[in-house]
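>>> what's the 3D shape of this:
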Amino acid sequence: MNFKLQRGLLVVALLAWPTFTLAQSNVVNPSEQVPALYQQALNALQNKQFENAAQLLQQVVLQHPELAGAWLDLSWLALRQENFAQAEEFLLILEQRFAPLPEGIQLAVNQLKLQLSAHLKLEQASASSARYQTAVSMATGYDNNVNAGLRFSAITLTLPDRNLELSVADANRPIGAAFVRASLVHQLKLDLEGGTVTMQMQVQGRSYQGLPQYANLEVLPQISLEHKDVVGVLTFGMQAIALNRVMAYKAPIVRWQVEKALPAFDLSWLPSCKWQQQLQIEQRQYLLSSNQNSHWWGIKPMLQCETTAWQTNLYGQRAQENDASGNRPGGNTRQVLWGLQQDWLAPFGLLGHRVQARLETQHSQDAQGYSYLLENGAPRSLRTRLSQVSWSAPLGPQSPWRWSLGLQKSSQQSNLAIFTHRNYSLESSIWRAW
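Presented below is the predicted three-dimensional model:
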């Protein structure tokens with residue numbers, strides 16, 4: 001591994017810790033030439049022009065990724081701007097890409113880690129065991145199937161003695177429209193003796209251009225409890241959805257969730273991978289439709305692999321929703337899901353940017369039939385597919401706001417005609433968290 005540590009490499013160390021002067025002299029090769037762009041960044045650092053230095057250093061690591069010190073300088077600048085997550089990310093890239101590190105850089109890395117640790121402890125102490133986060137987002141896009149309408153003009157009822165042909169009203173055909181969506185998520189965590197209480201409020205509203213009857217508002221308050229002497233996380237909450245200002249759905253939430261992570265493994269022909277398994281159990285209660293009450297459980301194994309440039313998640317889920325009322329339509333429902341999510345970090349060398357692609361397919365099968373729309377009362381079968389790609393990035397070099405642009409396609413096929421539909425949507429959004 002060729003480390004190019006130029007004479008100005010540890011400028012940030014000199015600004016923060018005078019003891020690095022000796023470390024610098026031990027690793028610098030005076031005969032090497034400092035790239036002009038890197039020299040400009042170092043000059044900006046010496047003149048305390050930190051925003052300019054950050055922009056120049058980002059260009060440096062794109063043009064000269066072999067300069068380990070530039071990654072170190074970026075980490076120090078992120079720490080100075082109290083962007084602790086980004087500071088840790090730069091250190092991770094530095095350690096993984098250039099291991100083993102030269103003595104001088106390793107000393108600087110250790111000092112930065114101490115600084116990060118001190119800041120985190122100070123944050124926790126000043127928060128008086130209470131931590132909160134708020135995220136707001138505004139989005140606009142186009143949905144070509146607002147009402148999940150039928151893409152055919154007639155359906156057939158299979159009765160015991162004959163087939164009956166019915167026309168589909170125009171209002172039940174697919175309707176497309178532009179939409180605006182706003183959402184707010186506020187979360188508060190309280191550290192108690194031996195555990196944590198998390199309170200979260202989520203509100204989301206969506207309106208469609210020229211279609212007020214499909215405007216909807218969803219409110220989802222939740223409180224979760226964790227304790228060292230209790231296995232898993234217990235959550236209580238309430239989900240309520242209003243359609244055109246009329247309450248359409250309201251149900252309490254009682255959920256117990258357990259996640260079990262197996263030890264990570266690393267094979268010579270694979271990047272760093274780990275296997276994780278999640279068990280989730282829910283009791284679902286519907287205040288307005290008690291016949292929908294059910295017991296739900298799911299097991300979700302996941303294989304996660306990552307490098308400094310990308311992350312891959314391959315996952316599956318086996319779930320069962322069992323009838324709790326004795327008259328749930330379809331009785332019990334079995335679900336099998338497979339998914340793949342791929343994230344590219346810093347695509348095309350753009351730091352802070354992320355591209356994500358996701359593919360999912362799910363098959364659901366009822367245990368009992370309940371509709372004349374199915375021949376001989378056969379159980380309903382659903383197969384859904386989802387594909388999604390999105391790009392997200394900060395609005396500016398040091399901005400806490402982020403933007404995203406996403407394209408999504410979903411389709412659902414069923415032996416029950418009214419549950420067959422396709423949907424495309426394009427969505428852009430901006431958000432930030434405090």
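>>> rest of the way, CA atoms for contacts and neighbours
Will do.
>>> hey, which helix or strand in this protein has the poorest pLDDT?
None of the helices or strands of the chain scores lower by mean pLDDT, DSSP states H and E than helix 20-27, at a mean of 32.
>>> which is the succeeding secondary structure element to that helix?
Once helix 20-27 ends, the next helix or strand along the chain (criterion: DSSP states H and E) is helix 36-46.
>>> same question for whatever helix or strand residue 85 lives in: list its buried residues.
Counting by DSSP H and E, the element that carries residue 85 is helix 84-98. For helix 84-98, burial by neighbour count (16 or more other CA atoms under 10 Å) applies to 84, 86, 87, 88, 90, 91, 93, 94, 95, 97.
>>> among these, which two are most distant?
Greatest spatial distance among the buried residues of helix 84-98 (CA to CA): 84 and 97, at 20.0 Å.
>>> tell me where the model's unsure across the stretch 201-350 of the chain.
By pLDDT under 70, the weakly predicted segments of the stretch 201-350 of the chain are 260-271.
>>> of the buried residues of helix 84-98, closest to residue 176?
Using CA to CA, residue 86 is the member of those that sits closest to residue 176, with 40.4 Å.
>>> chain neighbours aside, what residue packs nearest to that closest one?
Nearest residue to residue 86, sequence neighbours excluded (CA to CA, 6 or more residues apart in numbering): residue 78, at 6.2 Å.
>>> let me see the contact set for that neighbour.
When contacts are counted by CA atoms under 8 Å, 6 or more residues apart in numbering, residue 78 touches 84, 86, 87.
>>> same check on residue 366?
Neighbour list for residue 366: 330, 331, 332, 333, 334, 379, 380, 381 [criterion: CA under 8 Å, 6+ apart].
>>> kindly report the same for residue 101.
Shown in contact with residue 101 (CA under 8 Å, 6+ apart): residue 95.
>>> what secondary structure does it sit in?
Here residue 101 is recorded as coil under DSSP: H, G, I helix; E, B strand; the rest coil.
>>> with only the CA atoms kept, save stretch 148-165 in CSV.
Extracted in CSV, the C-alpha atoms of stretch 148-165 (Å, rounded to 0.1, in the frame of the first residue of the first chain):
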residue,chain,number,x,y,z
ALA,A,148,-56.2,1.5,-7.1
GLY,A,149,-58.9,1.2,-9.8
LEU,A,150,-59.6,-1.8,-12.1
ARG,A,151,-57.9,-1.8,-15.5
PHE,A,152,-60.8,-3.6,-17.2
SER,A,153,-64.4,-2.5,-17.9
ALA,A,154,-66.2,-5.6,-16.6
ILE,A,155,-65.9,-8.3,-14.0
THR,A,156,-67.6,-11.7,-13.7
LEU,A,157,-69.4,-13.1,-10.7
THR,A,158,-69.2,-16.9,-10.5
LEU,A,159,-72.5,-17.9,-8.9
PRO,A,160,-73.6,-21.6,-8.2
ASP,A,161,-76.0,-21.7,-11.1
ARG,A,162,-74.6,-19.1,-13.6
ASN,A,163,-72.0,-16.5,-14.4
LEU,A,164,-73.0,-12.8,-14.0
GLU,A,165,-71.3,-10.1,-16.0
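>>> next, the buried residues of it.
Quick answer for stretch 148-165 (16+ other CA under 10 Å): 148, 149, 150, 151, 155, 158.
>>> the residue positioned nearest the centre of the chain and residue 404: what is the separation?
Nearest to the mean C-alpha position of the chain, counting by CA atoms, centre = their mean, stands residue 356 at 9.5 Å. Going from residue 356 to residue 404 by CA to CA, to the nearest Å gives 11 Å.
>>> am I right that residue 57 is in a strand?
No. Residue 57: not assigned to a strand; according to three-state DSSP it is helix.
>>> so who does it touch?
Taking CA under 8 Å, 6+ apart, one finds 38, 41, 70, 73, 74 in contact with residue 57.
>>> same question for residue 172.
147, 149, 150.
>>> one more time with 10 Å
By CA atoms under 10 Å, 6 or more residues apart in numbering, the contact set of residue 172 is 147, 148, 149, 150, 151, 152, 153, 418.
>>> for those, work out which two are farthest apart.
Spatially, the most separated pair among the contacts of residue 172 is 147 and 153, at 15.3 Å (CA to CA).
>>> hang on, the earlier thing: rank the buried residues of stretch 148-165 by pLDDT and give me only the lowest.
Note: of the buried residues of stretch 148-165, the lowest pLDDT belongs to residue 158, at 72.
>>> beta partners for that one?
When assigned by DSSP bridges, residue 158 has beta-bridge partners residue 163.
>>> relative to residue 370, how far out is it?
Applying CA to CA, the value for residue 158 to residue 370 is 12 Å.
>>> what pLDDT does the model give the residue lying farthest from the centre of the chain?
Distance from the C-alpha centroid of the chain, by CA atoms, centre = their mean, peaks at residue 161 (51.8 Å). Residue 161 carries a pLDDT score of 76 in this model.
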